Each structure stands twice: as structure tokens, then as C-alpha cells.
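Trainee: Predicted model follows, preceded by the sequence.
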Amino acid sequence: MANLRARPCEAETIRATRAAGNCAARAKPWVLLATILASSIANIDGAIVNVALPAIETDLAASATVVQWLVNAYTLCLSALLLVGGAAADQFGRRRFLITGIGIFSAASLWCAASPSAAQLIVARAVEGVGAALLIPCSLAIIGATFDEHERGKAIGTWAGSAAVVTAIAPLLGGAIVDHCSWRWIFLINPLLALPTIWIAYSHVPESRDPEAAPGLDWRGSLLVLLGLGGLAYGLIESPIAGWDDSIVLASIVAGLALLAAFFWVERQVRTPMLPLALFRSVTFSAVNLLTLLLYAALGGVFFFLPFALIQVHGYPATLAGVAFLPFTIIMAALSRWAGGLLDRFGARPPLIVGPAIAAFGFGLLAATVARGSYWEFLACVTIAGLGMVVTVAPLTTTVVDAVPTNQVGVASGINNAVASVADLLAVAILGAVALAILNQALDHHLQGEAFSEDVRHAIRAARGQLVIAPAIAGLEGVDRSTAEMIITGSLAQSIRWVMLIAAALALGAAAAGALIPGRPRLSARGPDQQSAGKRSRAP
């Protein structure tokens, strides 16, 4: 009788299990679509804004330091909140944070489009960074929670490939919008994508959490790193205009460094740190993150200044400036699987030396191309840099997760992404300061050494601290205009050339960091079973 009574319950359980399985199976295509659209929102914004920077600077009569903050306000909030955003999503619900991040990002994008001043645009970009910090960690986590290990590799490959296609199209689309409409319209793309994404996520994406996530969030660490990086960036960005001896510049840099030191102290004390410092006891993990810092700083500087070289120095329209990024993203999308095979064939160390070295060669060629190169030469240089990056990225990502125990793979990957964001932030601040200092020095040299009309001298003085030429030469005509334009353009080309050379040096430093990685690194604490699990988790 007991068995007879149990059978209906068992049948019900089986039916419920099958129903749940069918429901999960039906949800998978929607999950993939939602995460692709969500990632596209962040990828489009990151790829499209750089192309629009010259137009924004001109339209809002902004200085170069303001333009730097348009990038760094976003990157600062993203860098400071990325790790804590991922931890919060694991605890409180990934779908909830995905939808929240998309909502914040979209509302901030509308604010960007409507901003009447550069100050408001900077604040709106910072809010976009907050939304991105909630949005970005959730996409991959939701895929991991929805697809089992046999399907996960294909799902992540589809997600990554779609993201690469979107990233490739974004600069071209942004350039066309800037040329034919207004830079404000580029920020309306995100809300258009957000509406279907939120509906799909709310209606079809199951909620997921990490049951093993440690309770508590490291808000104190996030605040310290936000203020520390912000103070450091402010001092570096303001230094070319105010001077290194300015009290506010010095106070900002000192305060930023002190707050970052306090951040590292706090991370040693708290129970659930956003940056577990114990991971850096691994030589491999430390070396690969140093490589990431140097290489992505080089890439961030190049990508920030390349549109100014094409649009301001050479006079190409924004559409062609956007097209110049295409070879990079096409190579990254087309050769990523091939580059992943390099790891199995040679181990991590050779690709992580050769890849940054190739990128350094591409950046060095860009330095030689800035002043007098043709458009096709720019495309060739970007192609070489893209080849170097594709050789590097897959082995780098795999080495990061190989260097830590399996249960810390997610944390390690998040740290590496945060390091890349910090590198971008520091690159725009430091290389921007260097570029403006060289630009101002070159302009001052012309003022002291040559005789010009007062109108030309006024235009040269007006160009100090600017990355856009048109406002400085507005109102000039004839010989005066051509003379001022030639001097300002030449000085700007000189400053960008130095940025590209520094980027090449940083990439060579990344290659040197790659040489510190032991051949075919494996953390001794991980046994064969853990290593196999780690490999499965990075199937793409």
C-alpha cells in the first residue's frame, strides 16, 4: 500500500521535473537573445563615443580636459563598481540587476542626448558607468547559470561572436550619425535596444543566484577606489592646464594615491573583499594582470587619440574615422578561435610575448603615420595592432582562470576585467596630459621663434589645451588661416605621435610581463580534476 501511495507522487514529481526542463529549454534562446542585446548596449556605447569626441568638443565649446572626462567619468564608475556589481547580482538576482543596469544605462543615455552643457554630459556619462557596472557582469553569469557545460561553450561563442559584430558596426554607424545628423543621436541607440531587452529579460529569462556567494558587499572598498582613482585622474587631467605645481593638482594626486593605499589596506581586513589580494601571490596571476594593465593602457590611449588624428590632422569625415576601427574588430572576431588554439599548441607564454610585441609594432607604425600617412596606411597599422591583440586575448583570458583555484575563476575574471577598465582610465588621463603638454610646448615654440600677424598669434594661443582645430582658426581667412591651420595641425600631429610611441613602449612592457609567466602555468593547489573543470568553464 505504501508503494501504491508513493507512485502518484513520483509521477507528479516526474511531470513537474519534465515541465521545469521544458520551461528551461524554451527559455534558452530567449536568454541568449537577451544577453546579446544587453551586451550590445554597453559595447555600442563604448565603441561609438570615441568617434564622436571631436564633434562634441566643437559643439559644446569644450576643452580637451573636458573631453577626457567624457570618457573617464564613464570608465571611473565602471572600474570602481564592476566587481561589487557582479557580487551583488550573484547575491540578489542576476536578472534583477541586468534589468536595473539596462534601465539606468538607458535613462543616462537619454540624459546624454539632451545635455545642454559639457558638465551635464559628464555627469550623465558617469551614471552610464554605474548602469554598465550592473549590466556587464550579469550577461555571462546568466548564460553560465542557464546552459549546462555541454551547451555553454556554444552559447558563449554565439554571444561573443554577436558582440564582436555589433562592436565592429558601432564606430561606422556612429561616424555616419555624426556626419549626417548630430552626435546627440548616438546616445538614442541604447534606449531603442533597451526596450525589447528589458521585455525579453522580464518575460523569458529565469532568475538566478549563486547559493555559495559570500554574504555582504564591499561598499567601503568600492567607495575608496572610486574616490582614489577619481582624485588621481583629476590631478593628471588638470596638470597640463594648471601646471604640476598647482596646489589643487598636487592635492588631488596625493589624496588619490592615499585613498588607493587605504583601499588596499581595507581589502586586507574585510571578510568579503572585492579584490582578494591573496590571488596575487600567484606569479602567473600577477604577471598576466600587469600585462593587461600595460597593454590595455596602450590600446585605450591609441583608440582615444586615433579619431583626432584622422579627423583633425588629416581632415577625414567621422564616417571614415569609424571605418578605421573595422579591421581591428573583424580580426578579433574572425581569428579568436584560431588564437585559442595557440595556447594548446605553444602554451601561454609565447603568445603573451609575441602578441603584445606585434601590437607594439602596429602602434609604432601609427606614430610614423600620424603626420603624413595615407588612409590606407592607417588601416594597415590598425590591422597589425588587431593581429597582435587577437594573438594575446584568448591566451590571456585562459591564463587568468588557470592561475587560480576553480572556485575563484569568476572573481579572477572580474578582477582582470576591472584591471583593463582601470588601464583605460589611466591611459586617457596620463597620455592626455602628455599630449596636451607636448601640444602646448610646440605651440609656444612657434610663438617665440617665428613672426606672425597678431590674428595668427591669437589663433595659436587659442589652440592651447585643445584637440579640435576649428574653433581656434574661426574667423581667419586667406594666408592667415592656412598658416595658423598648418602650425596647429603640425603641433597636434606631434603630440599624437608621442602618444602612439608611448603606447608602443607600453605594449613592449606588456610583452616583457608575458615573459614573466612560467611555461604552461598551472597552480599547484589545483589537481587534475580542478584543472579539467576550469577548462570546461572557459570552453569558448
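Mentor: Perfect, thanks for sending it.
Trainee: Now stretch 70-78 - C-alpha only, CSV.
Mentor: C-alpha atoms of stretch 70-78 as CSV (Å, rounded to 0.1, in the frame of the first residue of the first chain):
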residue,chain,number,x,y,z
LEU,A,70,33.6,62.4,-21.1
VAL,A,71,35.5,59.1,-21.3
ASN,A,72,36.9,58.9,-17.8
ALA,A,73,33.6,59.6,-16.0
TYR,A,74,32.1,56.5,-17.5
THR,A,75,35.3,54.4,-17.1
LEU,A,76,35.8,55.6,-13.5
CYS,A,77,32.3,54.4,-12.3
LEU,A,78,32.6,51.2,-14.3
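Trainee: How far off centre is it?
Mentor: 10 Å (C-alpha atoms, centre = their mean, to the nearest Å).
Trainee: If you average the pLDDT over it, what comes out?
Mentor: Over the span of stretch 70-78, the pLDDT mean works out to 90.
Trainee: Repeat that for stretch 516-523.
Mentor: Rounded mean pLDDT across stretch 516-523 is 64.
Trainee: now stretch 252-272
Mentor: The model assigns stretch 252-272 a mean pLDDT of 89.
Trainee: How about the residue most central in space within the chain: what's its closest non-neighbour residue?
Mentor: What sits nearest the mean C-alpha location of the chain, by C-alpha atoms, centre = their mean, is residue 421, with 5.2 Å. Of all residues not flanking residue 421 in the chain, residue 79 sits nearest, at 4.0 Å (C-beta to C-beta, 6 or more residues apart in numbering). (Glycine included, C-beta is placed from N, CA and C.)
Trainee: Any buried residues in the strand or helix carrying the one you found, and which?
Mentor: Using DSSP states H and E, residue 79 maps to helix 64-92. Going by neighbour count (16 or more other C-beta atoms under 10 Å), the buried part of helix 64-92 is 64-91.
Trainee: what's that helix packed up against?
Mentor: Under the contact criterion of 3 or more C-beta pairs under 8 Å, 6 or more residues apart in numbering; DSSP states H and E, helix 64-92 touches helix 2-59, helix 94-114, helix 118-146, helix 219-242, helix 409-449.
Trainee: tell me the angle the helix or strand just after the third one makes with helix 118-146.
Mentor: Think helix 118-146. Per DSSP H and E, helix 118-146 leads on to helix 149-180 as the next helix or strand towards the C-terminus. Interaxial angle of helix 149-180 relative to helix 118-146 (axes from the mean of the first three to the mean of the last three C-alpha atoms, to 10 degrees): 160 degrees.
Trainee: chain center to helix 149-180: distance?
Mentor: 14 Å.
Trainee: downstream neighbour of that helix in the secondary structure list?
Mentor: helix 189-204.
Trainee: low-scoring stretches of this protein, by residue?
Mentor: Low-confidence segments of the chain (pLDDT under 70): 1-25, 149, 152-153, 156-157, 160-161, 212-214, 340, 406-410, 449-450, 519-540.
Trainee: any idea how it splits into domains?
Mentor: 29-206, 219-275, 278-540 (automatic domain parsing).
Trainee: re the thing from before, I'd assumed residue 423 was in contact with the residue nearest to residue 421.
Mentor: No: counting by C-beta atoms under 8 Å, residue 79 does not reach residue 423; the two are 9.2 Å apart.
Trainee: Next, count neighbours for the closest residue to residue 335 other than its chain neighbours.
Mentor: Once flanking residues are discounted, residue 335 sits nearest to residue 390: 4.7 Å by C-beta to C-beta, 6+ apart. The tally of other residues near residue 390 (other C-beta atoms under 10 Å) stands at 24.
Trainee: host element of residue 390?
Mentor: Secondary structure assigned from DSSP H and E places residue 390 in helix 375-402.
Trainee: returning to what we had before: ok, the residue nearest to the centre of the chain to residue 309 distance?
Mentor: 24 Å (C-beta to C-beta, to the nearest Å).
Trainee: Same check on residue 30?
Mentor: 43 Å.
Trainee: neighbour count winner among those two?
Mentor: A direct count of neighbours by other C-beta under 10 Å for residue 30 and residue 309 places residue 309 higher, at 25 against 16.
Trainee: Do I have it right that that one meets residue 493?
Mentor: Yes: if you go by C-beta under 8 Å, residue 309 and residue 493 touch, sitting 7.2 Å apart.
Trainee: what do the two both touch?
Mentor: Here residue 309 and residue 493 have residue 370 as joint contacts, going by C-beta atoms under 8 Å, 6 or more residues apart in numbering.
Trainee: Please name the residues that touch residue 499.
Mentor: Residue 499 neighbours (C-beta under 8 Å, 6+ apart): 301-302, 305, 431, 434-435.
Trainee: Against residue 43, how distant is the residue lying closest to residue 103 once chain neighbours are set aside?
Mentor: Leaving aside its sequence neighbours, residue 103 sits nearest to residue 198 (C-beta to C-beta, 6+ apart; 6.8 Å). Between residue 198 and residue 43 the computed distance is 17 Å (C-beta to C-beta).
Trainee: Neighbour count: the two, which is higher?
Mentor: residue 43 (22 against 19).
Trainee: Was I right to think residue 208 contacts residue 138?
Mentor: No: between residue 208 and residue 138 there is no contact under C-beta under 8 Å: 9.5 Å.
Trainee: Those two: which is more packed in?
Mentor: A count of neighbours by other C-beta under 10 Å puts residue 138 above the other of residue 208 and residue 138, at 31 against 18.
Trainee: Just give the closest residue to that one, not the sequence neighbours.
Mentor: Using C-beta to C-beta, 6+ apart, the closest residue to residue 138 is residue 98 (4.0 Å).
Trainee: Any idea how many residues pack against that neighbour?
Mentor: Neighbours around residue 98, by other C-beta under 10 Å: 28.
Trainee: For it, list the residues it contacts.
Mentor: With C-beta under 8 Å, 6+ apart, residue 98 has these contacts: 34-35, 38, 89, 134-135, 138-139, 142, 201, 205.
Trainee: if I look at it, how far off is residue 87?
Mentor: 15 Å.
Trainee: Show me what stretch 198-206 is in contact with.
Mentor: Contact with stretch 198-206 is made by 23-24, 26-27, 30-31, 33-34, 37-38, 95, 98-99, 102-103, 142, 146, as judged by C-beta under 8 Å, 6+ apart.
Trainee: rerun that using 7 Å as the cut-off
Mentor: 27, 30-31, 33-34, 95, 98-99, 102-103, 142 (C-beta atoms under 7 Å, 6 or more residues apart in numbering).
Trainee: now, which of these sits nearest residue 321?
Mentor: Of all the contacts of stretch 198-206, residue 102 has the smallest distance to residue 321: 28.3 Å, by C-beta to C-beta.
Trainee: Could you pull up the contacting residues of that closest one?
Mentor: 38, 41, 135, 194, 197-198.
Trainee: same thing but at 6 Å, please
Mentor: By C-beta atoms under 6 Å, 6 or more residues apart in numbering, the contact set of residue 102 is 38, 135, 194, 197-198.
Trainee: Can you report how many residues lie near the nearest residue to it once chain neighbours are set aside?
Mentor: The shortest distance from residue 102 to any non-neighbouring residue, by C-beta to C-beta, 6+ apart, is to residue 194 (5.1 Å). By the criterion of other C-beta under 10 Å, residue 194 has 23 neighbours.
Trainee: Could you do residue 269 as well?
Mentor: 9.
Trainee: what does the one 5 residues further on give?
Mentor: Look at residue 274: counted by other C-beta under 10 Å, it has 27 neighbours.
Trainee: sec struct for it, please.
Mentor: Classification of residue 274 into helix, strand or coil gives coil, according to DSSP: H, G, I helix; E, B strand; the rest coil.
Trainee: quick one, phi psi at it?
Mentor: phi -70, psi -20 (degrees, to the nearest 10).
Trainee: for residue 488, what are its contacts?
Mentor: So residue 488 contacts 463, 469, 472 (C-beta under 6 Å, 6+ apart).
Trainee: so can I have JSON lines of these showing distance to residue 183 and secondary structure?
Mentor: Below are those laid out as JSON lines (distance: C-beta to C-beta, whole Å; DSSP: H, G, I helix; E, B strand; the rest coil):
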{"residue": "463", "distance to residue 183": "21", "secondary structure": "coil"}
{"residue": "469", "distance to residue 183": "17", "secondary structure": "coil"}
{"residue": "472", "distance to residue 183": "20", "secondary structure": "helix"}
